[in-house]
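Asker: Fold the following for me, if possible:
(2 chains)
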Amino acid sequence: MKIATWNVNSIKVRAEQVKKWLLRAEPDVLCLQELKTTADQFPFGLFEEIGYTAAISAQKTYNGVAILARGQIGDVEEGLSHLPEKHPLNEQKRLLCGTVNGVRVISAYMPNGEATGSEKYPYKLEFFREFRNLLDRRRSPAEKLVVCGDFNVATEDIDLYNPSERAGEILCSGPERAALENIKNFGLADCFRIHNKEAGRYTWWDYQGGMFWKGLGMRLDLILATKPLAESCVACDADLSPRKWPRPSDHTVVWADFKLS
DNA sequence: ATGGCGTACACCGTACGA
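Answerer: Now for the predicted structure:
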């Protein structure tokens, strides 16, 4: 079972690219982030034509996440469902959960935080804490669970190009890394790092300054899996080709292949 | 050798991203 994740930075702009990648890579599941549009503008038909159904959680202008899958998506849940719908952490559409082929899939777009001194920073840390609470209350490390998405944290110094310059800053500060660690301590493994140990492997590159062509980016997009799934992960990689296409997203696709028993 | 930010929404700029 092949599962992938892609922050598309506007589904309206990137719809044809998503279709192209689906036809090329033939994943069973593709999680999307940053749809940046409402449900009525989402191109369901484009994906249905090629055999993918979609579940989405979307809002105007910002955020928005989706799960595309071959076949049915069951038991769909939106947001931090252990908190009230009106809770400030549920105002931004950042989480979608669904079951595909017996695997519980979460598409996640974690907050950016802007800067460590910003009021968005504590919001980010709180979102991470409540995501762990959601897992504790609603999920089990013994089930087949995969959390795919843009975590907006560079896990270690090898996951960004300029760690000494950016030490302690947004995306790599100690509290953000601890918050990500806390989520992983639920019982989630970083599938990419099972198969790739080297530094300099990224999933996001700034549009400015030709950073992609210079090989200067960050690894912010992760596929985290519980043990029953992670032990069946036979491959995981970032596909850099969509980042080379005309008018690309600033993120590229990460995929993982699981040999389910 | 070069050079390079994009998207949404409304306004002709601003918010936001990472």
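
Asker: Ignoring the adjacent residues along the chain, who's closest to A:Asp250?
Answerer: Computed as Cβ to Cβ, 6 or more residues apart in numbering, the closest residue to A:Asp250 that is not its neighbour in sequence is A:Tyr207, at 5.4 Å. (Each C-beta comes from the backbone N, C-alpha and C, glycine too.)

Asker: Distance check, that neighbour against A:Arg137.
Answerer: Taking Cβ to Cβ, to the nearest Å as the measure, A:Tyr207 falls 38 Å from A:Arg137.

Asker: Tally up the residues packed near the residue of the stretch 151-261 of chain A at minimum distance from DNA strand B, please.
Answerer: Proximity to DNA strand B, evaluated over the stretch 151-261 of chain A using Cβ to the nearest atom of the strand, is greatest for A:Gly210 at 1.7 Å. Residues lying near A:Gly210 (other Cβ atoms under 10 Å) number 10.

Asker: What confidence value was assigned to it?
Answerer: Looking at A:Gly210, its pLDDT is 93.

Asker: Kindly report the same for A:Ser261.
Answerer: A:Ser261 is assigned 79 on the pLDDT scale.

Asker: do A:Phe128 as well
Answerer: Looking at A:Phe128, its pLDDT is 98.

Asker: Repeat that for the one 10 residues further on.
Answerer: What the model reports for A:Arg138 is a pLDDT of 97.

Asker: give me the element A:Arg243 is part of.
Answerer: For A:Arg243, the enclosing helix or strand under DSSP states H and E is helix A:241-244.

Asker: Tell me the residue of the stretch 1-150 of chain A that sits nearest DNA strand B?
Answerer: Nearest residue of the stretch 1-150 of chain A to DNA strand B: A:Ser10, at 3.2 Å (Cβ to the nearest atom of the strand).

Asker: Tell me how far that residue lies from A:Gly64.
Answerer: When A:Ser10 is compared with A:Gly64 (using Cβ to Cβ), they lie 9 Å apart.

Asker: next one: A:Pro84
Answerer: Relative to A:Gly64, A:Pro84 is positioned 21 Å away (Cβ to Cβ).

Asker: A:His82 too?
Answerer: According to Cβ to Cβ, A:His82 stands 21 Å off from A:Gly64.

Asker: Among those two, which residue is more densely surrounded?
Answerer: Using other Cβ under 10 Å as the criterion, A:His82 and A:Gly64 rank with A:Gly64 on top: 28 against 13.

Asker: Not counting its neighbours along the chain, what's nearest the more buried one?
Answerer: Closest residue in space to A:Gly64, ignoring its immediate chain neighbours: A:Leu35 at 3.1 Å, by Cβ to Cβ, 6+ apart.

Asker: tally of neighbours for A:Trp205?
Answerer: As a burial measure, A:Trp205 scores 23 neighbours (other Cβ under 10 Å).

Asker: If I follow the layout properly, it ends up in contact with A:Pro242?
Answerer: No: using Cβ atoms under 8 Å, A:Trp205 makes no contact with A:Pro242, being 11.9 Å away.

Asker: can you list contacts of stretch A:140-149?
Answerer: Applying Cβ atoms under 8 Å, 6 or more residues apart in numbering, the external contacts of stretch A:140-149 come out as A:3-5, A:7, A:29, A:31, A:33, A:65, A:102-110, A:139, A:183, A:186-188, A:221-229, A:254, A:256, A:260.

Asker: And stretch A:202-217, by the same measure?
Answerer: The contact list for stretch A:202-217 (Cβ under 8 Å, 6+ apart) reads A:7, A:150, A:159-162, A:200, A:218-221, A:238, A:243-244, A:250-252, A:254.

Asker: Among the residues you listed, which lie within strands?
Answerer: Residues of the contacts of stretch A:202-217 located in strands (DSSP state E): A:7, A:150, A:221, A:238, A:254.
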